[in-house]
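[1] Build the 3D model from these lines:
(one chain, ligands or ions: 1)
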Amino acid sequence: MAQLGQEVLTVVIVGGSIAGLSCAHSLLHCHKLQEADVGTTAPVRLDVVVLERARRPTDAGAGLGLDPSSCDILTKWGLPVLSETAPLSYEENRIFHHIHQKWVTVSKDQSYAHRAAHWSDIHRILYDSLPNDVVKWGHEVDAMDTTADGMHVNVHFKKGDSSVSEMISANLVIAADGSMSETRRQFLPHENRRYCGYYAWRGVLDASSEKAMNVKATLRQQYPDLGHCLYFDIANNAHAVLYELKGGRLNWLWYVNQPVPDLSGSSVTAKADDERIERMRMEAKHVWSQELASLMQLTPAPFINAIFDREPLKQLVWGRVVLVGEAAHPTSPHGLRSTNMSIMDAAVLGECMTNCGWQVDMALKEFEALRLPVVSQQVLFSRHLGQVKQGLTPVQLPDLLISNDFEWERLLQRNMHTQSSVIENHSKGCINWHSDFQI
Ligand SMILES: Cc1cc2nc3c(=O)[nH]c(=O)nc-3n(C[C@H](O)[C@H](O)[C@H](O)COP(=O)(O)OP(=O)(O)OC[C@H]3O[C@@H](n4cnc5c(N)ncnc54)[C@H](O)[C@@H]3O)c2cc1C
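    Alright, predicted model coming up:
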């Protein structure tokens, strides 16, 4: 309830995907908690609006993993995350052992404690539980400028097909406009995304048909913990990922080294024609276990996802504009960090606003200090995992097998926060030979 003389804090969030909707939840949640405190009134009245250029929610996407912190945060915001996701209790890395001619487990983490979800389910949960008037679909932001006193940002946008530009004056702009963020480009016009040297084939098989159920039953012979486990199969210069989503859907990826594939515009995904899909399926029989190859064979419409990241930034805040999610730290997917970082960004931003009494500049300073080192490390560790698993480091899989002293445990995602030597090597450019693949 607004109090007489209470200042209105207008927050404009650009982008209504996972990061944008999470930020809306976090701010509204923190504000409500403060209001609910006996005898306390939040120092401002909060007005949050999300401007999203897509016309409506989509059921696109595939699988993602939520870490324990994300699950706790979403639950705290009152979202039914546990009932909408499947357990991912273990992480397991396997390699094909040419001498023994079989897949062997090289490292396993039994305390992984993640949850698996379909992107569209998480997006739907986030969207459905926001107040009706928060998200404005079909609103494309095309410019923003800061007032001379630095206190407001004028956000210009167009609705649907209209050519008329409208404007909102915001006290705070949260740029959650994804890996090709125009907001980021405004501050860093010469910086670009970095192709990681490989793309992924991706697919989700709904295992409800009889044929699919048979494939699933045979998969379990090779992957006995399917339904609880995130499997990585590492072959020569390639690796594959397999895990199950809620409702028995089987989610898989196969990373393939090659120069950047044909993509339209700034998209990172591309449809593949029938001939290309058929070639992939034939090749799968020579690279993966028979069971995984059968899954790839049966999955309808597998698609291509080119893998990009960016160099970590030196700042996340420009005046009263803050970058979050993929706009701030686009990452390769090997650490399952993208969605988790977005949710954590949102949670930390909300906490900072509360701690700083909704004083925007102070809160943004605190946010940047807390998040920048963490997200930078995670982007670089994910990059490292991708390079090792794709054989893009000087030491490749056959050498690793022969040398017998490679610590496979180092590939587990639980090292995400601790492997500072990896990060140092990267920053010195020691194991980064394909970084020329820039577009
Ligand atoms: C349709 C879709 C499907 C996805 N599927 C998966 C998946 O299966 N697995 C996975 O791990 N990740 C998936 N992702 C990516 C995933 O959402 C992100 O990696 C991560 O969750 C962080 O999201 P983000 O909100 O920072 O960025 P993104 O998800 O990239 O969202 C950015 C949003 O900003 C909007 N936007 C951009 N520019 C403007 C503008 N000028 N004005 C208004 N709006 C703008 C975009 O339309 C988009 O909705 C998907 C993303 C999308 C958009």
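
[2] What helix or strand is the closest residue to residue 337 other than its chain neighbours located in?
    Excluding the flanking residues, the one nearest residue 337 by C-beta to C-beta, 6 or more residues apart in numbering is residue 378, at 4.8 Å. C-beta here means a position set from N, CA and C on the backbone, and glycine is covered the same way. Using DSSP states H and E, residue 378 sits within helix 360-389.

[3] Domains of this protein: list them as residue ranges, please.
    7-62+122-192+313-382, 68-118+194-309 (automatic domain parsing).

[4] Need those domains in a markdown table (columns: mean pLDDT and mean neighbour count).
    Compiled in a markdown table, the domains of the chain are given as follows (pLDDT from 0 to 100; neighbours: other C-beta atoms under 10 Å):
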| stretch | mean pLDDT | mean neighbour count |
| --- | --- | --- |
| domain 7-62+122-192+313-382 | 95 | 19 |
| domain 68-118+194-309 | 93 | 18 |
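
[5] Let me know which of those is the nearest to residue 407.
    domain 68-118+194-309 (8.5 Å; C-beta to C-beta).

[6] Report whether that closest one contacts the ligand.
    No. For a cut-off given as C-beta under 6 Å from any ligand atom, domain 68-118+194-309 has no contacts with the ligand; the smallest distance is 7.0 Å.

[7] distance between that domain and the chain's centre?
    15 Å (C-alpha atoms, centre = their mean, to the nearest Å).

[8] List phi and psi for residue 303.
    Main-chain dihedrals, residue 303, degrees, to the nearest 10: phi -130, psi 170.

[9] What does the residue in the stretch 301-439 of the chain positioned nearest to the ligand show for phi and psi?
    Using C-beta to the nearest ligand atom, the single residue of the stretch 301-439 of the chain nearest to the ligand is residue 325, 2.4 Å away. The phi and psi torsions at residue 325 (degrees, to the nearest 10) take the values phi 60, psi -150.

[10] With distance to residue 415 added, can I get the domains of the chain in TSV?
    Shown next, in TSV, are the domains of the chain (distance: least, C-beta to C-beta, whole Å):
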stretch	distance to residue 415
domain 7-62+122-192+313-382	7
domain 68-118+194-309	10
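
[11] Between these, which one is closest to residue 410.
    Going by C-beta to C-beta, the one of the domains of the chain nearest residue 410 is domain 68-118+194-309, 8.2 Å.

[12] From the opening residue of that closest one to its closing one, how far?
    Length of domain 68-118+194-309, first residue to last, C-alpha to C-alpha, to the nearest Å: 24 Å.

[13] Could you name the helices and strands sitting against whichever strand in the chain runs longest?
    Identified as the longest strand of the chain according to DSSP state E is strand 194-206. Contacts defined by 3 or more C-beta pairs under 8 Å, 6 or more residues apart in numbering; DSSP states H and E place strand 194-206 against helix 210-222, strand 249-257, helix 290-298, strand 303-309, helix 360-389.

[14] Export those to JSON lines and append columns for distance to residue 234.
    Listed next are these as JSON lines, based on distance: least, C-beta to C-beta, whole Å:
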{"stretch": "helix 210-222", "distance to residue 234": "14"}
{"stretch": "strand 249-257", "distance to residue 234": "10"}
{"stretch": "helix 290-298", "distance to residue 234": "13"}
{"stretch": "strand 303-309", "distance to residue 234": "16"}
{"stretch": "helix 360-389", "distance to residue 234": "5"}
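
[15] For residue 146, find the nearest of the ones you listed.
    Comparing the helices and strands packed on strand 194-206 by their distance to residue 146 (C-beta to C-beta), the top pick is helix 360-389, with 12.3 Å.

[16] Distance of whichever residue of the stretch 101-250 of the chain sits closest to the ligand relative to residue 15?
    Using C-beta to the nearest ligand atom, the single residue of the stretch 101-250 of the chain nearest to the ligand is residue 178, 2.9 Å away. Note on residue 178: its distance to residue 15, by C-beta to C-beta, to the nearest Å, is 6 Å.

[17] Which neighbours do these two have in common?
    Common neighbours of residue 178 and residue 15 (criterion: C-beta atoms under 8 Å, 6 or more residues apart in numbering): 325, 327.

[18] thinking again about what came up before, what's near enough to touch the residue nearest to residue 337?
    Counting by C-beta under 8 Å, 6+ apart, residue 378 has contacts 329, 331, 335, 337, 341, 416, 417.

[19] Show the contacting residues for residue 94.
    Contacts of residue 94 (C-beta under 8 Å, 6+ apart): 103, 104, 105, 106, 231, 232, 233, 234.
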